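Asks: I'd like to go over a predicted model; first the sequence, then the structure.
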Amino acid sequence: MSKLKIGFYWASTCGGCEVAVLDVNEKILDTLKVADIVFWPVVMDIKYKDIKAMGDKSVDICFFNGSIRNGENELLAKLLRKKSRILISFGSCACGGGVPGLANLHNRRTVFEKVYRESVSTKNLPGVIPRTCSEAKEGELTLPEFYDTVKTLDQVVNVDFYLPGCPPPVDLIAKVLQSFSSGTNPKKGSVLAPEISLCESCKREKGNKKIAKVKRFHETALDPKKCFLDQGIICMGPATRSGCGEPCLDANMPCTGCMGPIPGASDQGAAMIGALSSILGIENEKEKSENDMDQLVGEIKDPVGTFYKYTLPSSIINRRVK
Amino acid sequence: MAVDEFQPKILGFLCNWCSYAGADLAGISRMQYPPNLRIIRVMCSGRIDPAFVLEAFKSGADGVLVAGCHLPSDCHYVSGNFKTYRRIAALRKLLQQLGFEPQRLRVEWVSASEGARFADVVKEMTDEIKRLGPNPLTKTGGEFAGSSLRELERVASRVTSTSQA
C-alpha cells in the first residue's frame, strides 16, 4: 500500500491547533510510517503555486484549522477542498468559528477602527488602515479582503469530518491518525469525538443542581471536587460535547465550551440557556416574583461571550444584526 | 388598516392548558384582534427550547410571543412557567447583545378564561412591533427578507419539525 498523503493548513487561528498536532509526540512517528506530510505551512516551505500544482484529490487527508475571516482563508479552503479526498474541520475555529468568531459582534469597520485607531497601544498618526489594493513605488500591492462576518469552514466548503477543541485534544488526534492510517473510516459528516455531554464524563461530585445565584470567580472560593454549577459558577458542561480529557476542570476552571454543542443540539448557547434556566433559583421557586427572576438572570454577564465563546458564527443567529 | 402600513409577523407559542384555551375563547367569543399572530400550540411554555425562538427570528419573524399559565401556581406541570420566564429573560438579554430590541420577545400569562386579555396582549404587542419596525435581520438580508404573511406558516412548520427531531 502506498503511503497516505496528509496536509495541514491554518486559516484565521492562533496556531494552537498546530502545536496540538506536535503534542501527539512520538505517536506522530507511527503516523509517518504510513503517511507523508505533503504540506504544512507552519513547518514546511510551501507556496500557493505548489498547492495549485497538486492533482485534484491527490491529498488523502487535509486537516484545516481556523475560521474563514478573509478572502485568502476562503480561497485556500476552496483550493484545499479540491485537492483533498478527505477534509477535516480541525479545531474550534474551523468547526464553530472559535474565539475569532466573537468578532461577529462587530463589523469590519468597527474592528479596523479599534485595531488601527482607537486601541491605546496603537500609535497610528497618519491613520493608515489596510486596503485590498494600494499603489507603491514597486507597483500595486494587494491584501486579501477582510470580511464583515467570520464564517466556519463548512459555511464555505463541504467538510467530511469535524474534530473540535481549542485545541483538539491530543488523544483524539492520535486516534484519528491511527484510524485513518489503518483504513477504518468513520461515518461521513460525523464529529470525531464522543457522543456524550461533558457532564457525563466529568468526575466531579454532582449535587442536586440548584443554583441560588450565579457567581463569578472572584466571589467564591472554588471547591476542586464539586460540580461548578452546584457552586453557582457557569460551567458549559451540560451544553458541551465531551472528549477534551477535562484539562480545565482538572485545573479547577469551569468548561467554556470549546468542544462545541452536545450531540443533537445545533446551537450551544440555546442549549445552555435552556439548561441554566432550569436550575437557576429553583429553591423556593414559587415565592419568587418576576422581578426576582429578572435579577437572577441579570447576574449573567455577557451572554454571548459566555454561551457562544467558540460557536457564534455557527449558531442560529450568527452575528450582531445592526 | 392602511394598505402600505408595515404588517409585522409575530410567532406565538401558546401552552395547551391555559393560553391556547384563552386564544380559543377569544375566537369563539368573536373578539377582534390583529391578524399578525401565527400560533404554535405547545404542551407547556416550559417546553419551548430557546433555539425555537432564535430560529423564529432567524427566519424573519418580527416578534415572538410566548404565553403560558399564570405565576405562581397555574402551571399544569407545576413549575414550567417559572422555567419559561427565566429562559425568556436570558434570551432577551442575549437578543439585545445581538442587536435586536428585547421588546420583540415577550412572555405573557393568559389563563383559559382570559379571552379578552389574550386579544389585548396581541393588540398591544402588534402595536409595539409596528413601532419597532421589521426584524433587523430581514433588513440586512435575512432568509425571508420581504416575505409575505404566508411565509410565517413555513417558519412555523419548520420550527415544529425542529421540535420533533
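Replies: Perfect, I can see it now.
Asks: May I have the phi/psi pair for A:E26?
Replies: phi -70, psi -20 (degrees, to the nearest 10).
Asks: so what's A:V59 up against?
Replies: When contacts are counted by CB atoms under 8 Å, 6 or more residues apart in numbering or on different chains, A:V59 touches A:5-7, A:38-39, A:80, A:83-85. Placement of C-beta: from N, CA and C, glycine included.
Asks: if we look at the sheet, which residues does it bridge to?
Replies: For A:V59, the beta-bridge partners are A:S84 (DSSP bridges).
Asks: pretty sure A:R109 belongs to a helix, no?
Replies: Yes. Counting by DSSP: H, G, I helix; E, B strand; the rest coil, A:R109 is part of a helix.
Asks: In ChimeraX, select just the buried ones from the contacts of A:V59.
Replies: Applying 16 or more other CB atoms under 10 Å in any protein chain shown to the contacts of A:V59, the buried members can be selected in ChimeraX as follows:
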select /A:5,6,7,38,39,80,83,84
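Asks: Next, count neighbours for the closest residue to A:T122 other than its chain neighbours.
Replies: Leaving aside its chain neighbours, A:T122 sits nearest to A:Y116 (6.5 Å; criterion: CB to CB, 6 or more residues apart in numbering or on different chains). Residues lying near A:Y116 (other CB atoms under 10 Å in any protein chain shown) number 14.
Asks: what's the distance between A:Y116 and A:E135?
Replies: Distance from A:Y116 to A:E135, counting by CB to CB, to the nearest Å: 19 Å.
Asks: Low-confidence ranges, the chain, go.
Replies: Assuming you mean chain A. By pLDDT under 70, the low-scoring segments of chain A are A:1.
Asks: Actually, chain B is the one I wanted.
Replies: Checking chain B against pLDDT under 70 turns up B:1-3, B:139-165.
Asks: residue boundaries of the helices in it?
Replies: For chain B, the helices defined by DSSP state H cover B:19-28, B:50-58, B:80-97, B:115-132, B:136-139, B:150-164.
Asks: Return the residues of the stretch 201-322 of chain A in contact with chain B.
Replies: A:265-267, A:269-271, A:273-274, A:276-278, A:280-282, A:285-290, A:293-294, A:296-298, A:300, A:302-304, A:307, A:315-317, A:319-322 (CB under 8 Å from any CB of the partner chain).
Asks: Could I have the buried ones of those as PyMOL selection syntax?
Replies: PyMOL command restricting those to the buried ones, with burial defined by 16+ other CB under 10 Å:
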select buried, chain A and resi 265+266+267+269+270+271+273+274+276+277+278+280+281+282+285+288+293+296+297+300+303+304+307+315+316+317+319+320+321
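Asks: Which of the residues of the stretch 201-322 of chain A next to chain B fall within strands?
Replies: Residues of those located in strands (DSSP state E): none.
Asks: I'd assumed A:P164 was in contact with A:I88.
Replies: No. Assessed by CB atoms under 8 Å, A:I88 is found out of contact with A:P164, at 10.7 Å.
Asks: Comparing those two, which residue is more hemmed in?
Replies: Comparing A:I88 with A:P164 by other CB under 10 Å, the one with more neighbours is A:P164, at 31 against 25.
Asks: Tell me the spacing between the spatially most central residue of chain B and A:N284.
Replies: Taking CA atoms, centre = their mean, the centroid of chain B lies closest to B:L65, which sits 2.1 Å from it. Here B:L65 is placed at a distance of 29 Å from A:N284 (CB to CB).
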